[in-house]
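Novice: One predicted model, sequence on top.
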Amino acid sequence: MSGCSSLSAEEIVARYAAVIYRIAFSRLRNVPDAEDITQDVLLKYIRANKSFSDEDHRRKWLIRVTVNSINSLLGSAARKRNADLEEAENLPAPEVQESGIAEAVERLDEKYRLPIHLFYFEDMSISEIAATLGCAEGTVKSLLSRGRSKLKKLLEEDEYV
């Protein structure tokens, strides 16, 4: 396996921090937790000192580590605390919410939000999403199909369609 050209920590942060953050926020819907996941994933990358065959391999690795970190956080005892919903509503919107479509995606149920985000915002294939989420391709297709239907309804409600 030939190594992909090394990037400095600053270059990795500049190139991937926003991607990691958007994925984390899309699933967690919590700014501090999304920021923590972003920092943790970037630290894991630096500590791993891993060689990648190409830039796509690096990107997929970072996304997989992000999803694993999110799943670990969601399963942890610390996550079982109740969040103050009123405080959460007053948090600033992340940059991913610049368009009506992105806002509608954020309003989807959690199980549809991440596959839709990975497919449309991160340009991942169905097989890549299945591998990243650890499920069958048929499951991803089903989640995308149902998510698209729900997204269409949301957009119609908002008069985008």
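Specialist: Nice, thanks for sending it over.

Novice: Can you tell me the SS state at residue 53?
Specialist: Classification of residue 53 using DSSP: H, G, I helix; E, B strand; the rest coil returns coil.

Novice: For it, grab phi and psi.
Specialist: phi -70, psi -30 (degrees, to the nearest 10).

Novice: Then the one 4 residues further on?
Specialist: When quoted as degrees, to the nearest 10, the phi and psi of residue 57 stand at phi -60, psi -40.

Novice: That one and residue 128: what is the separation?
Specialist: Look at residue 57 and residue 128: by CB to CB, to the nearest Å, they are 11 Å apart. In short, each C-beta sits where N, CA and C put it, glycine included.

Novice: If you count surrounding residues, which of those two has more?
Specialist: Neighbour count, other CB atoms under 10 Å: between residue 57 and residue 128, residue 128 has more, with 19 against 14.

Novice: What sits closest to that one if chain neighbours are left out?
Specialist: residue 60 (6.6 Å; CB to CB, 6 or more residues apart in numbering).

Novice: Report how many residues lie close to the one you found.
Specialist: Other residues within reach of residue 60, judged by other CB under 10 Å, total 17.

Novice: pretty sure it contacts residue 127?
Specialist: No - under the criterion of CB atoms under 8 Å, residue 60 makes no contact with residue 127, lying 11.2 Å away.
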